[in-house]
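*Asks:* The following block contains a protein sequence and its predicted model.
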Amino acid sequence: MRTPARISIPTISQERALPAVRPLLKSSVGVAEFFASAEGLSRSQQTRVIDQAIMMLEGFYAHLPLKRAMYALDPLQRLRLLRQRLHTFNSAASFHREMTSIFTSLHDLHTNYCLPAPFKDANAWLPFKVESYCGIHPGGDPACAPEHRTYLVTSVAEWFNHPTFRRGVELLYWNGIPIARAVEIAAAQSAGGNAGARHAKGLAALTARPLIVSPPPDEEWVIVQFRNLADRIEEMRVQWQVTQIPDEIPAKKRGVALATERIRKIGKFLFAPETIQFERRLAASRNPLLLLKKTESLLPDVFNAREVRTPHGKFGYIRIRTFDVDEPDDLVSEFLRLVRLLPQKGLILDVRDNGGGRSAAAERLLQLISPRQPIEPARLYFINTPFTLRLCMLQKANKDLGPAGLSPWIQSIQRSMETGATFSASFPYTDPITCNSIGRQYPGPAIVITNSLCYSATEFFAAGFQDHGGIVLGVDRATGGGGANVRTHEELRSYFRKDRRSPFKTLPNQADLRVAFRRSVRVGPTTAGNDVEDFGVTPDHFHAMTRNDLLRGNVDLINHAARLLVALRATHARC
């Protein structure tokens with residue numbers, strides 16, 4: 001069999017890139033070469049993965065009744081059928097595709113089949129990013145159909161060389177398919193929990209695929225038709241590349257939309273390599289504060305802070321890109337340092353595209369900015385099964401899982417063995433004391449900006465802010481709909497290490513499984529008891545993204561937020 005030719009990035013392009021990313025570009029390969037070198041799992045290894053997936057979904061998956069009802073599916077039966085029919089799968093790729101399809105059908109970005117090496121750190125990408133806007137005014141209808149959107153290239157890798165394919169060109173066709181339909185097809189393969197999330201995930205998947213959880217591209221190259229900046233229609237062919245991008249500093253507990261977080265890292269590698277270089281300089285410095293200018297952050301991967309000048313006045317602006325940190329206290333203290341450097345009459349907190357991370361970090365931030373105090377953290381509950389009861393008994397004193405460990409949940413799960421109740425009672429995961437240990441520090445009004453890629457801990461933050469009197473401005477009709485705590489197979493296995501009857505078996509070749517094992521409900525006066533899963537957080541105000549927003553630094557969006565801050569300040573003054 002002929003070995004596929006290596007499709008590498010030209011040396012001249014590698015030399016244009018910053019030193020921090022040159023090794024990654026040099027090691028990139030084409031899709032065919034990557035798959036030719038990827039080894040599969042044996043039949044017995046595949047069987048073990050399936051059996052462990054059945055056990056986790058049946059024993060721990062908090063959303064299983066909801067997903068069965070909302071999507072008319074039976075993931076357990078699909079897994080059993082897959083095990084029965086393994087002999088019909090003649091390639092490793094077909095097994096991975098079926099497993100990915102089963103988990104994608106759950107519409108839950110927390111619950112995944114994570115492919116083994118070499119897929120786990122592999123990312124397929126094209127050297128540009130596509131975003132969309134609707135041609136309606138900022139107060140218009142949030143239900144903008146895909147076919148009514150305009151799709152623009154908003155980022156192009158600096159080293160990518162093409163005479164007319166630039167930032168701002170409009171995409172018209174994708175491999176001969178009208179661009180809106182191409183996005184719709186990609187959205188149907190995504191795990192988004194609502195229509196907005198599916199569209200956003202489909203749009204992102206056009207150019208970035210984390211192979212650990214996302215279907216790989218079927219094509220080795222893409223032909224795009226676009227309208228260039230001179231209003232002429234052209235076509236371009238561009239190769240998919242696959243690059244191994246390992247996590248440099250893995251976080252301890254990741255309550256993230258894994259695909260969203262990996263796509264963010266792909267974007268940083270392609271479009272913000274200077275951030276990678278700056279992070280390394282900070283890590284190597286004995287006194288990182290001396291390297292900072294104005295509102296630069298000690299956590300440049302997390303925060304981008306600046307003063308914004310609008311027709312309505314000067315305000316503080318902080319983009320929070322992730323809550324995926326090792327220590328929540330580090331994130332809270334850095335946020336507090338930054339916010340003191342900004343104007344104190346109004347603060348815009350932009351959490352768009354934030355796939356989550358540590359919900360403890362997100363909920364501890366609320367006390368610094370929320371209008372209503374004290375802060376009550378979100379409450380969480382288990383599905384009642386013998387396995388969740390054993391988990392709570394084994395980890396009843398583990399304070400990493402709750403202020404008093406898992407002991408508060410035990411009684412209600414035990415009672416369910418008699419009553420048949422589906423779910424346990426609910427209790428907070430984040431310690432209420434730490435959520436109120438600092439108190440409100442920002443004197444002016446604040447507003448939070450969301451979109452449908454906000455997920456998990458970011459939704460804990462947005463929901464908590466809204467539930468404590470804050471105003472949310474959304475560019476989509478809802479956030480992504482991820483209301484749960486998540487743990488990996490390996491983490492759950494460690495919780496059962498002292499149990500002689502542990503159901504957990506080691507997974508082969510660094511494969512992994514993730515499951516939403518504890519589900520959240522809201523705590524606001526009018527939202528108490530409402531789920532976030534699938535439904536997300538509905539914003540108080542809507543902003544339709546404009547061409548200016550995509551190409552001129554979100555100028556219309558920031559002005560919209562500024563108008564709302566002025567109104568909030570006036571309301572506060574009257575009170």
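*Replies:* Received it, and whenever you're ready, just let me know what you need.

*Asks:* Settle this for me: Leu366 is touching Cys435, isn't it.
*Replies:* Yes - counting by CB atoms under 8 Å, Leu366 touches Cys435, with 6.7 Å between them. In this view, the C-beta of every residue, glycine as well, is placed from N, C-alpha and C.

*Asks:* okay, and the common contacts of those two?
*Replies:* Shared contacts of Leu366 and Cys435 (CB atoms under 8 Å, 6 or more residues apart in numbering): Ile375.

*Asks:* Which one of the two is surrounded by more residues?
*Replies:* The neighbour comparison of Leu366 against Cys435 (other CB atoms under 10 Å) goes to Leu366, with 26 against 22.

*Asks:* element containing the more buried one, please.
*Replies:* Using DSSP states H and E, the element containing Leu366 is helix 359-369.

*Asks:* Would you mind listing the residues in contact with Thr450?
*Replies:* 351-352, 458, 462, 472-476, 479, 537, 539.

*Asks:* Could you give me the buried positions within stretch 515-528?
*Replies:* For stretch 515-528, burial by neighbour count (16 or more other CB atoms under 10 Å) applies to 515-524, 527.

*Asks:* Same question for stretch 436-453.
*Replies:* Residues of stretch 436-453 classed as buried by neighbour count (16+ other CB under 10 Å): 436, 440, 442, 444-453.

*Asks:* Just put the buried residues of stretch 515-528 in JSON lines and tack on pLDDT.
*Replies:* Converted to JSON lines, the buried residues of stretch 515-528 look like this (pLDDT from 0 to 100):
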{"residue": "Val515", "pLDDT": "97"}
{"residue": "Ala516", "pLDDT": "97"}
{"residue": "Phe517", "pLDDT": "98"}
{"residue": "Arg518", "pLDDT": "98"}
{"residue": "Arg519", "pLDDT": "97"}
{"residue": "Ser520", "pLDDT": "97"}
{"residue": "Val521", "pLDDT": "97"}
{"residue": "Arg522", "pLDDT": "97"}
{"residue": "Val523", "pLDDT": "97"}
{"residue": "Gly524", "pLDDT": "95"}
{"residue": "Thr527", "pLDDT": "96"}
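
*Asks:* tell me which helix or strand of the protein sits lowest on mean pLDDT?
*Replies:* In the chain, no helix or strand scores lower on mean pLDDT, DSSP states H and E than strand 255-256, which sits at a mean of 78.

*Asks:* Determine which two of the buried residues of stretch 436-453 are furthest apart.
*Replies:* Asn436 and Ser452 (30.6 Å; CB to CB).

*Asks:* ok, the nearest residue to Ile223 once chain neighbours are set aside to Leu206 distance?
*Replies:* Excluding its sequence neighbours, the residue lying closest to Ile223 (CB to CB, 6 or more residues apart in numbering) is Arg237, at 5.1 Å. Taking CB to CB, to the nearest Å as the measure, Arg237 falls 15 Å from Leu206.

*Asks:* out of these two, which sits in the busier spot?
*Replies:* Each of Arg237 and Leu206 has its neighbours counted (other CB under 10 Å); Leu206 has more, 22 against 8.

*Asks:* My read is that the more buried one contacts Val130, right?
*Replies:* Yes - contact criterion CB under 8 Å: Leu206 and Val130 qualify, at 5.7 Å.

*Asks:* Next, the contact list for Ala38, please.
*Replies:* 92, 118-119.

*Asks:* can you pick the most crowded of these?
*Replies:* Neighbour counts for those (other CB under 10 Å) peak at Phe119, which has 25 neighbours.

*Asks:* What residue, apart from its backbone neighbours, is nearest that residue spatially?
*Replies:* Nearest-residue entry for Phe119: Leu211, 4.5 Å, with adjacent residues in sequence omitted and distances by CB to CB, 6+ apart.

*Asks:* Neighbours of the one you found, how many?
*Replies:* Leu211 has 25 nearby residues by other CB under 10 Å.

*Asks:* Asn90 now?
*Replies:* 8.

*Asks:* do the same with Ile9
*Replies:* Here the number of neighbours of Ile9 (other CB under 10 Å) works out to 22.

*Asks:* wait, doesn't it sit right on Gly30?
*Replies:* No - using CB under 8 Å, Ile9 is not in contact with Gly30, being 10.2 Å away.

*Asks:* tell me, what's touching the two both at once?
*Replies:* Any residue near both Ile9 and Gly30 by CB under 8 Å, 6+ apart counts here, and that gives Gln241.

*Asks:* List the contacts of Cys435.
*Replies:* Contacts of Cys435 by CB under 8 Å, 6+ apart are 363-364, 366-367, 374-377.

*Asks:* Does it belong to a helix, a strand or coil?
*Replies:* Applying DSSP: H, G, I helix; E, B strand; the rest coil to Cys435 yields a three-state assignment of helix.

*Asks:* Having no further points to raise, I will conclude here.
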